[in-house]
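A.B. asks: Here is the input, now give the coordinates:
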Amino acid sequence: MFENIRYISEETYSTWFRGHPEPEDIILVTKGTPGRVCMVPNPVNFCIAQDMVAIRADPHKIYPKYLFAVLRSSEIQQQIENMHVGTLIPHFKKGDFDKLLIPILDRESQKIIGDVYFTFSLQIELNRQMNETLEAIARALFKSWFVDFDPVRAKAEGRQPVGMDVETAALFPSEFEVVDGREVPKGWKIGKLSDIIELIGGGTPKTSISEYWNGDIPWFSIVDIPQDSDVFVIDTGKHITMEGVNNSSSKILPIGTTIITARGTVGKLALVGAPMAMNQSCYGIKGMNGFPEYYIYFLMKSVIIGLQKQTHGTVFETITRQTFDGIDIVLPPPIIAQKFNIVIHSHLEKIRNNLMESSILAQIRDALLPKLMSGEISIET
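C.D. replies: You can find the predicted model right below:
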């Protein structure tokens, strides 16, 4: 809930806002993406923007976690969507809250449903937080080894690289040299990004042929980009059939392939977490010449700004195959890239497993909620 936040001064917090959210208040977005809901944690010290509201449940009338669950249910979300106003930027009017029809069950049922739903949601959030930490560790290690050259600098100063075993440290040189006007670790090279990657194109099966769609093969497009901390995409909004793959330019991408969006919103990245196809606005990227998948993913993250600066097109920014030829990179010996892959492998696999677990938990939670609310599944105390 605290991603991409901005900060205000203590004085503004104390004097500008009429009220502040309290623990177990429910935050509901009213403009842009109306209906998005989260619950305020404890402790809390933040304020909210004008395009959302804090809802405070009367605990004598409704259990706060039950209200949280109900507002997230498909039935209430559909009611909110039906009340959207505005064409370019949809919003939900505060005056329409009185029109929402919420099922009110007995107190004990509310508590059971609310606690069950919240427990599932909390585990999903804990998985997200763990993924954020694991991704940050892997990204920091890549920067230390391949951007800042910390192990080389440590050895050049006669020190043992921090947090590194002797065997791994022996892979790094203990001095620098100048290559093409740049200081790089001795024995490393300056090369083109395109020297070590294979680009794979995507495609879209004909939408007019129903046999190509609604199969069991995930089909990736820009809308399926995961959060940076999640790294992997394990499922997509649309699916195609094997017949659709065979009759289009799309291909099945294996687990570990990096996907980059190449048209419109360019430079968004994902690692393939389950075999899938993708559309033609993306490239699949696989390492060549001994450079493994996780190294390639974090390398792409490190050069993404350079790629974005070299996009082409007048209406839509576009990354072409030639764009990758224009990016110079420092190339370590492949054995060091492979060692990096080994070191962070467990971190990345844990991220992928967390995503899969969260997906299953969300499916169970969201399927269970309407059945509990309607009484289709009985609640035993």
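A.B. asks: need the strands for the stretch 201-350 of the chain, in chain order.
C.D. replies: Shown for the stretch 201-350 of the chain, the strands assigned by DSSP state E, counting those that start in this stretch span residues 213-220, 232-233, 238-240, 258-261, 269-272, 277-278, 282-287, 328-331.
A.B. asks: next one: the second one to chain centre, how far?
C.D. replies: Counting by Cα atoms, centre = their mean, to the nearest Å, strand 232-233 is centred 7 Å from the centre of its parent chain.
A.B. asks: Which neighbours in the sheet does it have, and how are they oriented?
C.D. replies: Looking at strand 232-233 with DSSP bridges, its partner strands are strand 269-272 (parallel).
A.B. asks: for the last one, same thing?
C.D. replies: The partner list of strand 328-331 in its sheet, established with DSSP bridges, is strand 189-192 (antiparallel).
A.B. asks: in the partner strand, what counts as buried?
C.D. replies: By neighbour count on 16 or more other Cβ atoms under 10 Å, the buried set for strand 189-192 is Gly191. (Glycine included, C-beta is placed from N, CA and C.)
A.B. asks: Can you give the contact residues for it?
C.D. replies: For strand 189-192, contacts defined as Cβ atoms under 8 Å, 6 or more residues apart in numbering pick out Val179, Asp180, Arg182, Val184, Phe324, Asp325, Gly326, Ile327, Asp328, Ile329, Val330, Leu331.
A.B. asks: The third one and Ile304, how far apart?
C.D. replies: In this view, Arg182 and Ile304 are 20 Å apart by Cβ to Cβ, to the nearest Å.
A.B. asks: From the neighbour counts alone, determine which of those two ranks first.
C.D. replies: Set Arg182 next to Ile304 and count neighbours by other Cβ atoms under 10 Å: Ile304 wins out with 16 against 12.
A.B. asks: per-residue confidence at the more buried one?
C.D. replies: Ile304 carries a pLDDT value of 92.
A.B. asks: residues contacting the closest residue to it other than its chain neighbours?
C.D. replies: Excluding the flanking residues, the one nearest Ile304 by Cβ to Cβ, 6 or more residues apart in numbering is Gly267, at 4.8 Å. Shown in contact with Gly267 (Cβ under 8 Å, 6+ apart): Ile260, Thr261, Ile304, Leu307, Gln308, Ile319.
A.B. asks: Tell me the one of the contacts of strand 189-192 nearest Ser144?
C.D. replies: Taking Cβ to Cβ as the measure, Ser144 lies nearest Val330 of these, at 13.7 Å.
A.B. asks: Would you check how far apart that closest one and Ile196 are?
C.D. replies: The separation that Val330 has from Ile196, given Cβ to Cβ, amounts to 11 Å.
A.B. asks: what about the two, which has more around it?
C.D. replies: Ile196 (21 against 17).
A.B. asks: Could you pull up phi and psi at that one?
C.D. replies: Per-residue torsions, Ile196: phi -120, psi 10 (degrees, to the nearest 10).
A.B. asks: So what's the gap between the helix or strand harbouring Glu125 and the chain middle?
C.D. replies: Assigned by DSSP states H and E, Glu125 belongs to helix 107-146. Counting by Cα atoms, centre = their mean, helix 107-146 is centred 12 Å from the centre of its parent chain.
A.B. asks: shift numbering so it begins at 30
C.D. replies: Got it, first residue is 30 now, which makes that one helix 136-175.
A.B. asks: Who are the packing partners of it?
C.D. replies: Here helix 136-175 touches helix 93-101, helix 179-185, helix 322-338, helix 363-403, going by 3 or more Cβ pairs under 8 Å, 6 or more residues apart in numbering; DSSP states H and E.
A.B. asks: mind running it again at 7 Å?
C.D. replies: Applying 3 or more Cβ pairs under 7 Å, 6 or more residues apart in numbering; DSSP states H and E, we find helix 136-175 packed against helix 93-101, helix 322-338, helix 363-403.
A.B. asks: Same list, these, but as TSV with distance to Met305 please.
C.D. replies: Putting the helices and strands packed on helix 136-175 into TSV (distance: least, Cβ to Cβ, whole Å) gives the following:
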stretch	distance to Met305
helix 93-101	27
helix 322-338	15
helix 363-403	13
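A.B. asks: burial measure for Val69, as a count.
C.D. replies: Val69 has 22 neighbours, counted by other Cβ under 10 Å.
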